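1. Curious how this folds, go ahead:
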Amino acid sequence: MRMQIGRRRMVWLLAALPASCASPNPTLYTLAVVPGATHPVAPAHIELRQIALARYLERSQIVRSSEDFRLDVLGNDWWGEPVDAMLGRVLVQELSQRLPSSAVFAENGAITATPDASVELNIQRFDEDHSGAVVLLAQVGLTGRATTTRTLRFSVPPPSPGTPGLVSAMSTAVGQLADAIAALLTSR
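-> Residues are numbered from 1 along each chain as shown. Below is the predicted model of the structure:
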C-alpha cells in the first residue's frame, strides 16, 4: 500500500515537472496604423510589392537594436505576424487613408489589377540607435509613368520606456514612411 502511494506521488510529480519548466508564453505585438494627411490626386491603382527586409529583421522576436556589431533581441516580446507581411498590411491601410481616390492593394493579396503605379521597398534598418530612437532606413522605388527611387531615413524617439514605447515609435516611423510615399506618388 505504501509503495502504491509513493508511485502515485511520483507519477504526479513527473507529470507536473514539464509544466514547471515551461517558459512563459511570449507577448505578441503588432504595428498600429497611424493616420496622415490626405492627398486628393494620385494614381488610380497602386500596387505595393512584396517588401524586402534586411535578414536580421526576419525573426519572430522584436529586434531592439543592431548597434555595436551585435543584435539586441527581445527574447519574449514577439511580432504577431511576419514583419514583412505586417509592414505590407499596415502600409496598404495607411496609403489607402492618405490617397482616398486610389485603390491600394498588395502584390501578394487576393485582389489583382493592372497598377498605374507600383511601390517597391527595401527595409535596411528598423530598430533603436544609441540614443534610443527608432531608426527606419528604407529604399523606395516607384514605377509607373516614370521611375523614381529614394533612400528615406526616419528617427523617432519612443514616447515611453519598454517594448510598448518601442513599438509605438516603430508605428510612427512607418506612418512617416507612408507620408513620404504618398507625397512621392502625388508629385509625379
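
2. after the worst-scoring helix or strand of the chain on mean pLDDT comes which helix or strand?
-> Counting by mean pLDDT, DSSP states H and E, the weakest-scoring helix or strand in the chain turns out to be helix 2-21, with a mean of 56. Downstream of helix 2-21, the next assigned helix or strand under DSSP states H and E is strand 27-29.

3. Each with direction, which strands does that next one pair with?
-> strand 72-79 (parallel) (DSSP bridges).

4. how far is the strand it pairs with from where the chain is centred?
-> Mean C-alpha position of strand 72-79 versus that of the full chain (CA atoms, centre = their mean, to the nearest Å) differs by 13 Å.

5. Please point out which parts of that strand sit buried.
-> Neighbour-count burial for strand 72-79, counted by 16 or more other CB atoms under 10 Å, picks out 73-74, 77-79. To be clear about C-beta, it is placed using only N, CA and C from the backbone, and glycine gets the same treatment.

6. just stretch 37-54 next, same as before
-> Applying 16+ other CB under 10 Å to stretch 37-54 flags 39, 42-43, 45-49, 51, 53-54 as buried.

7. go on, stretch 88-102?
-> Those would be 88-92, 94-99, 102, for stretch 88-102 by 16+ other CB under 10 Å.

8. Now these in JSON lines, please, with extra columns for pLDDT.
-> JSON lines is the format used below for the buried residues of stretch 88-102 (pLDDT from 0 to 100):
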{"residue": "G88", "pLDDT": "97"}
{"residue": "R89", "pLDDT": "97"}
{"residue": "V90", "pLDDT": "98"}
{"residue": "L91", "pLDDT": "98"}
{"residue": "V92", "pLDDT": "97"}
{"residue": "E94", "pLDDT": "98"}
{"residue": "L95", "pLDDT": "98"}
{"residue": "S96", "pLDDT": "97"}
{"residue": "Q97", "pLDDT": "98"}
{"residue": "R98", "pLDDT": "98"}
{"residue": "L99", "pLDDT": "97"}
{"residue": "S102", "pLDDT": "96"}
